[in-house]
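1. Here you go, sequence then predicted model.
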2 protein chains.
Amino acid sequence: MSISEAESAVMQVLWNAHPLAAEEIVAALGDARQWQEATVKTLLNRLLNKGAIAAVKEGRRYLYSPLLQRDAYVHAQSQDLLDRLFGGRLAPLVAHFSARQKLSKKDIAELKRLIETLPDER
Amino acid sequence: MSISEAESAVMQVLWNAHPLAAEEIVAALGDARQWQEATVKTLLNRLLNKGAIAAVKEGRRYLYSPLLQRDAYVHAQSQDLLDRLFGGRLAPLVAHFSARQKLSKKDIAELKRLIETLPDER
DNA sequence: CATGGTCGATTACGCGTGTAAATGATGTCG
DNA sequence: CGACATCATTTACACGCGTAATCGACCATG
């Protein structure tokens, strides 16, 4: 059911562009991960079994596409982090980063802009 | 080096209160996890080997304390999520949740208050 | 002093994961 | 048509993790 780290790297590629053949996926991954083609094939099969991607035969090869939506995955991961470490709420996470001075001016500006678009609570 | 899910449950207990004996840790976990005492002992040993906790002999037994700081752990986990899914930046994560309508009024109010305390970027 | 209880330490074991090679199927070119 | 190349599928294997039982040391009590 759950997507492992290595598998998620393959998903990232497919979310970025699809459908893709195995070879193209290997190429796209080449940057980040130094994987043998066989390794990627294994991950593709595991993702197929998990129902996270689909394969359509195109001539000699298969073309792979994501079934699992990126947004759903991102959300599940994020919510999990919030639940485990921040009582399930977003504000404490933001507070954590702001307390750590990890916010760049760009971040702050962006957050301010973002927050302004939110409905006022009164 | 890295703390697993089960191990982090033990860390949570120790961050909450320490030093604690194994038995107390089992009791504190009793709520969330239905673990045998032996299981907790294993986790404690693995955490010891990883250098995440320290044990001080107190009579017959050991008292355990965290060495790894909760804040450091929380930050590493959070940063990892940001890096993997949000280009390493916080604002896109907030944007994701706001787009999903996952922000409660309380969240919004809290965020607004929080943002106001941030240095203005000009 | 011997015996039983109580800790921590050691050992166990199945499963997922990261990483990849071997095998099998199928299309292509001479 | 047969050999080679090219895919995908199957098999492999070590390691960490979740979960725990067993072993060994040590202390208290009769």
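-> Sure, I can see it. These numbers come from a predicted model, not from an experiment.
2. Please count neighbours and contacts with C-alpha atoms only from this point.
-> Noted.
3. Does the lengthiest helix in chain A reach DNA strand C?
-> In chain A, taking DSSP state H as the definition, the longest helix is helix A:70-85. No. Helix A:70-85 is not in contact with DNA strand C by C-alpha under 7 Å from any atom of the strand; minimum separation 13.5 Å.
4. Please identify the buried residues of that helix?
-> In terms of neighbour count (16 or more other C-alpha atoms under 10 Å in any protein chain shown), helix A:70-85 has its buried residues at A:R70, A:Y73, A:V74, A:H75, A:S78, A:Q79, A:L81, A:L82, A:L85.
5. got it, and stretch A:31-45?
-> If you call a residue buried by 16+ other C-alpha under 10 Å, then stretch A:31-45 has these buried ones: A:V40, A:L43, A:L44.
6. State whether A:E7 and A:N49 are indeed in contact, as I suppose.
-> No. Under the criterion of C-alpha atoms under 8 Å, A:E7 makes no contact with A:N49, lying 12.0 Å away.
7. neighbour-wise, which of the two wins?
-> A:E7 (18 against 12; other C-alpha atoms under 10 Å in any protein chain shown).
8. Which element, helix or strand, includes the closest residue to the more buried one other than its chain neighbours?
-> Spatial nearest neighbour of A:E7, chain neighbours left out: A:L43 (5.8 Å); criterion: C-alpha to C-alpha, 6 or more residues apart in numbering or on different chains. In this structure, A:L43 sits in helix A:37-49 according to DSSP states H and E.
9. neighbouring contacts of that helix?
-> With C-alpha atoms under 8 Å, 6 or more residues apart in numbering or on different chains as the test, helix A:37-49 has contacts from A:I3, A:A6, A:E7, A:V10, A:A22, A:E23, A:I25, A:V26, A:I53, A:A54, A:A55.
10. what's the neighbour count on the last one?
-> This points to A:A55. 18.
11. same thing with the first one?
-> Summarising burial for A:I3: neighbours were counted as other C-alpha under 10 Å, giving 14.
12. any weak-confidence spans in chain A?
-> A:102, A:119-122 (pLDDT under 70).
13. what residues does it put near DNA strand C?
-> Applying C-alpha under 7 Å from any atom of the strand, one finds that chain A approaches DNA strand C through A:2-7, A:34-36, A:38-43, A:59-60.
14. One more pass at 6 Å, please.
-> A:2-7, A:35-36, A:38-39, A:42-43, A:60 (C-alpha under 6 Å from any atom of the strand).
15. circling back: farthest pair in the contacts of helix A:37-49?
-> A:I3 and A:E23 (21.2 Å; C-alpha to C-alpha).
16. residue boundaries of the helices in chain A?
-> Going by DSSP H, chain A shows helices at A:5-16, A:22-30, A:37-49, A:70-85, A:90-99, A:105-116.
17. Just the angle for the first one relative to helix A:70-85, thanks.
-> Between helix A:5-16 and helix A:70-85, the angle comes out at 140 degrees (axes from the mean of the first three to the mean of the last three C-alpha atoms, to 10 degrees).
18. What residues of helix A:5-16 count as buried?
-> A:E7, A:S8, A:A9, A:V10, A:M11, A:Q12, A:V13, A:L14, A:W15.
19. what do you get for the second one?
-> Of the residues in helix A:22-30, those scored as buried under the neighbour-count criterion (16+ other C-alpha under 10 Å) are A:A22, A:I25, A:V26, A:A27, A:A28, A:L29.
20. As TSV, the residues you listed with distance to A:K105 would be great.
-> Below are those laid out as TSV (distance: C-alpha to C-alpha, whole Å):
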residue	distance to A:K105
A:A22	41
A:I25	36
A:V26	37
A:A27	36
A:A28	32
A:L29	32
